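S.K.: Can you look at this prediction? I've put the sequence above it.
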Amino acid sequence: MVFYRLLYVFGFCVLLTVSAEAGARQDFVITKVSDGDSLRAGAERLRLFGIDAPELKQACIDENGLKYACGQAAKDALLLLLAHQKTLSCEIVDIDHYKRKVARCFQADKDISQWLVEKGLAVAYLAYSKDYHSAQEHARHAKRGLWNGQFMMPDKWRRAKRSASLPAAHIIAKSP
């Protein structure tokens, strides 16, 4: 009986430690911006929590009806944001199936995911979180970024690309 009580207390302590680590922030010096929602801090791979940015080869249509590289636009904006302050304070939320740390990251007090969604450079990934739905609605009503033209949701774009049913109009061709 004493053994089971000790085992229970030990398990409870381990659970508290894991929960505390999950909520604690860690500083990461960003060494690479892979795309609009994926970063590297040395060997660590980070995926921004709660959002989905267009893929690098994803094409969108702007307010003038012109095709543009909306995934590259999201990456470029993130690069500019990090140009002078590369250290982010991140709370690890999960580990995804690619073994990336899914994280809510901040530059000072600025939530990077919220900033990207507010600018219309990424969408709230509602399948995983409702945290950025309000920011998305504000961007949509203000017609910022993606919402000022036409685009395919990034997750739908990836599925169509995998199934080879993606129209060429939604792909950015490589430069010769």
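M.R.: Thanks, I have it. Given the structure is predicted, the values throughout are model-derived calculations rather than measurements.

S.K.: now what about the strand ranked longest in the chain, what contacts it?
M.R.: Counting by DSSP state E, the longest strand found in the chain is strand 87-95. Residues from elsewhere that reach strand 87-95 (CB atoms under 8 Å, 6 or more residues apart in numbering): 21-30, 39, 41, 46, 49, 82, 101-107, 112. For glycine as for every other residue, the C-beta is placed from the backbone atoms N, C-alpha and C.

S.K.: How about stretch 64-75?
M.R.: In contact with stretch 64-75 (CB under 8 Å, 6+ apart) are residues 33-37, 53-62, 116, 121-122, 145-146, 149, 151, 154, 169, 172.

S.K.: Pretty sure F106 sits against I112.
M.R.: Yes. Contact status for F106 versus I112: in contact at 6.6 Å, counting by CB atoms under 8 Å.

S.K.: what about K130, how many neighbours?
M.R.: For K130, the number of neighbouring residues by other CB atoms under 10 Å comes to 11.

S.K.: Assign a three-state SS to it, would you?
M.R.: The three-state label for K130, taken from DSSP: H, G, I helix; E, B strand; the rest coil, comes out as coil.

S.K.: With L126 instead?
M.R.: From three-state DSSP, the assignment for L126 is coil.

S.K.: hmm, back to that, could you turn the buried ones of the contacts of stretch 64-75 into a ChimeraX selection?
M.R.: The ChimeraX command for the buried members of those (criterion: 16 or more other CB atoms under 10 Å) is given here:
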select :33,35,36,37,53,54,55,57,58,59,60,61,62,116,121,122,145,146,149,151,154,172
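
S.K.: Secondary structure element for the nearest residue to D96 once chain neighbours are set aside, which one?
M.R.: Here the nearest residue to D96 in space, its sequence neighbours aside, is V102; by CB to CB, 6 or more residues apart in numbering that works out to 5.3 Å. If you go by DSSP states H and E, V102 is part of strand 101-107.

S.K.: In the sheet, which strands lie alongside that strand, parallel or antiparallel?
M.R.: Taking DSSP bridges as the criterion, strand 101-107 pairs within the sheet with strand 44-48 (parallel), strand 87-95 (antiparallel), strand 110-111 (antiparallel).

S.K.: May I see the ones you listed arranged in a markdown table, with mean neighbour count, mean pLDDT and distance to K67 as well?
M.R.: Written out in a markdown table, the entries for those read as follows (neighbours: other CB atoms under 10 Å; pLDDT from 0 to 100; distance: least, CB to CB, whole Å):
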| stretch | mean neighbour count | mean pLDDT | distance to K67 |
| --- | --- | --- | --- |
| strand 44-48 | 21 | 98 | 26 |
| strand 87-95 | 17 | 97 | 32 |
| strand 110-111 | 16 | 98 | 30 |
